[in-house]
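> Next comes the sequence, and after it the predicted model I'd like to discuss.
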Amino acid sequence: MSTPLDADLAIEVRGLVKRYRGGRGQDDIDAVRGIDLVVRRGEVFGFLGPNGAGKTTTVRMLCTLLPISDGHAKVAGVDVRRDPAEVRRHIGVALQEVGLDPTQTGRELLELQCALYRVADPAGRCAELLALVGLSEAANRTIKTYSGGMKRRLDLATALVHKPQVLFLDEPTTGLDPASRATVWEEVRRINAAGTTIFLTTQYLEEADQLCDRLAIIDDGRLVAAGTPDSLKAELGSDVITVGLRQDEHRPARDALAVLPGMDHVTDAGEGLAVYVRDGAAAVADVVRLLVDAGIRPGTVTLARPSLDDVFLASTGRRIEGGAPEAAA
Ligand code: ATP
């Protein structure tokens, strides 16, 4: 038997598995393949991964909306499989599909939610929540007049009426323009500062970097990395030099760079190679010289600090967004 899960953590997950049954001759789909993670109380925890990685499936299991196939999960100190009703009392959930009645005003919707949860002072709680998500001025307008960002913020407010300990947000800014995204980030920070632990999924690297105290990266149902954004990037070494190359140049370029002083490692980076080095500024000239000496002229050379995309690349051999997956195959 496993040891008891730690009640002081907001979320603790061990060996979590989800297998969707195929049915009618179709193969089963292993959407989540045994993940372990912990979220401490008061954190904003990010769950980062590309499309189809298993983010929504994980969130739905933790929110009691989907049966767990195997493994253990505790949320707000409560075992999800054993006591889902008690888990629901302690969590708020804002999922990807925002299902708001367009003919209600923002205030009417929140008052209805307060009534459903038997909140003691509904008018006071509504005013508090509208202010928290920056919708006080728009409160008496019908929801059909709201922008996409305003709807997301109203949805955040509805998830908070019963003062949950843990708030789950599934891709809270997908489909929003950059300005609306920044506003939602502000609301998330404010909600967190007011004491709520936040578990959010995202496919945006910048969102994970900006918002999250710690994060886990998921790919094909498995965790490939976990830690603070800074610690994950620091593990890669200090700098990354990306050289643009033709596919047939990858192998000879790797051979040529094998003698580069101060190099940590090299990975395929779509249309070129990513070279991880301790001191990028000092190494750029050597990289170019070694390649030219080998008869290779790189199309581009860029020097950058590692990003979370480099963390994903180092773990999976692919870029999480904007990459060229076929080059890594
Ligand atoms: P996205 O960013 O696109 O929302 P995700 O990381 O949230 O992706 P999931 O929606 O959890 O990924 O899907 C993980 C895998 O499980 C995918 O292969 C998906 O096709 C599959 N899947 C999801 N829901 C079901 C379902 N109800 N039945 C069968 N397979 C499913």
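Looks like it arrived, so ask away.
> use CA for all of it now, contacts and neighbours both
OK.
> What are the boundaries of the strands in the chain?
Taking DSSP state E as the test, the strands found in the chain are 9-20, 29-40, 44-48, 70-75, 78-79, 91-94, 166-170, 197-202, 214-219, 222-227, 239-244, 263-268, 272-277, 301-304.
> want to try a markdown table for those, with mean pLDDT, distance to the ligand and mean neighbour count as columns?
Listed next are these as a markdown table, based on pLDDT from 0 to 100; distance: least, C-alpha to the nearest ligand atom, whole Å; neighbours: other C-alpha atoms under 10 Å:
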| stretch | mean pLDDT | distance to the ligand | mean neighbour count |
| --- | --- | --- | --- |
| strand 9-20 | 96 | 5 | 20 |
| strand 29-40 | 95 | 4 | 18 |
| strand 44-48 | 95 | 8 | 26 |
| strand 70-75 | 96 | 15 | 22 |
| strand 78-79 | 96 | 21 | 21 |
| strand 91-94 | 91 | 14 | 23 |
| strand 166-170 | 94 | 8 | 24 |
| strand 197-202 | 94 | 7 | 26 |
| strand 214-219 | 94 | 8 | 24 |
| strand 222-227 | 94 | 11 | 18 |
| strand 239-244 | 91 | 27 | 24 |
| strand 263-268 | 86 | 23 | 19 |
| strand 272-277 | 90 | 26 | 25 |
| strand 301-304 | 91 | 27 | 14 |
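> can you put those in TSV and add distance to residue 284?
As requested, the strands of the chain are arranged in TSV below (distance: least, C-alpha to C-alpha, whole Å):
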stretch	distance to residue 284
strand 9-20	43
strand 29-40	38
strand 44-48	31
strand 70-75	47
strand 78-79	52
strand 91-94	46
strand 166-170	40
strand 197-202	33
strand 214-219	30
strand 222-227	28
strand 239-244	7
strand 263-268	11
strand 272-277	10
strand 301-304	8
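> Please, where are all the helices along the protein?
For the chain, applying DSSP state H gives helices covering 55-62, 84-90, 106-116, 122-132, 148-158, 178-193, 205-211, 229-234, 250-257, 280-293, 308-316, 325-328.
> In terms of secondary structure, what does the fourth one contact?
This points to helix 122-132. helix 106-116, helix 148-158, helix 178-193 (3 or more C-alpha pairs under 8 Å, 6 or more residues apart in numbering; DSSP states H and E).
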